[in-house]
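output the structure for:
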Amino acid sequence: MRHLVYVSSATREFSVAELSAMLATFRENNARLGITGMLLYKDGHFMQLLEGEAEPLAELFQHIVRDPRHRGVITLLEEEVAGRSFGEWSMAFPDLGSVEVQALPGYSRFLQTSLRDPAFLKPSSAMQLLLSFRGILGKRP
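From the prediction side, this is the model:
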């Protein structure tokens, strides 16, 4: 079992409807591959944690790197893990700029920082952010 965390920048701003449509496709593909995780979006930047077996995870990530909807992919963390951190999640998606997310208990003004800020580009900070949203959002897919 492996974790992979990356950040990237969207090539354009996406509406919530566009992000939701993309997410539906991602969930189908990830379920087929046995991949779970979380996708965060804020101000045109993505942070995503993917987890699964090494081969399908590597194949999916190569597809992600080639996706023309974003650029500047930076891998923050890739490691072997004992088990899944997001096993109940086909793919969670909070838009960190949304009013609903900002109203969640535990929301931090720290999240007003860009996902490309050096504060988030450390593996430990990235995992802390992703795991905090897992806790805030519960087991909602």
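
can you list contacts of the longest strand anywhere in the chain?
The longest strand of the chain (DSSP state E) is strand 70-80. The contact list for strand 70-80 (CB atoms under 8 Å, 6 or more residues apart in numbering) reads 1-11, 46-47, 64-65, 116, 121-123, 126-127. The C-beta positions use only the backbone N, C-alpha and C, and glycine is treated the same way.

alpha carbons only: can I get that strand in PDB?
The C-alpha coordinates for strand 70-80 follow below in PDB (Å, rounded to 0.1, in the frame of the first residue of the first chain):
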ATOM      1  CA  HIS A  70      -3.400  21.500 -14.600                       C
ATOM      2  CA  ARG A  71       0.300  22.200 -14.700                       C
ATOM      3  CA  GLY A  72       3.300  22.300 -12.400                       C
ATOM      4  CA  VAL A  73       2.700  19.000 -10.600                       C
ATOM      5  CA  ILE A  74       4.900  18.700  -7.500                       C
ATOM      6  CA  THR A  75       5.100  15.400  -5.700                       C
ATOM      7  CA  LEU A  76       5.200  16.200  -2.000                       C
ATOM      8  CA  LEU A  77       5.100  12.700  -0.600                       C
ATOM      9  CA  GLU A  78       5.300   9.100  -1.900                       C
ATOM     10  CA  GLU A  79       5.800   6.300   0.600                       C
ATOM     11  CA  GLU A  80       4.900   2.800   1.700                       C
END
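
in its sheet, what does that strand sit against?
Strand 70-80 has the following strand partners under DSSP bridges: strand 2-10 (antiparallel).

would you mark the buried spots in the strand or helix carrying Arg32?
Counting by DSSP states H and E, the secondary-structure element that holds Arg32 is helix 16-33. By neighbour count on 16 or more other CB atoms under 10 Å, the buried set for helix 16-33 is Leu19, Met22, Leu23, Phe26, Arg27, Asn30, Leu33.

can I get these in a markdown table including distance to Glu55?
As requested, these are exported to a markdown table (distance: CB to CB, whole Å):
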| residue | distance to Glu55 |
| --- | --- |
| Leu19 | 28 |
| Met22 | 24 |
| Leu23 | 24 |
| Phe26 | 19 |
| Arg27 | 20 |
| Asn30 | 14 |
| Leu33 | 9 |
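
I appreciate the help and will end here.
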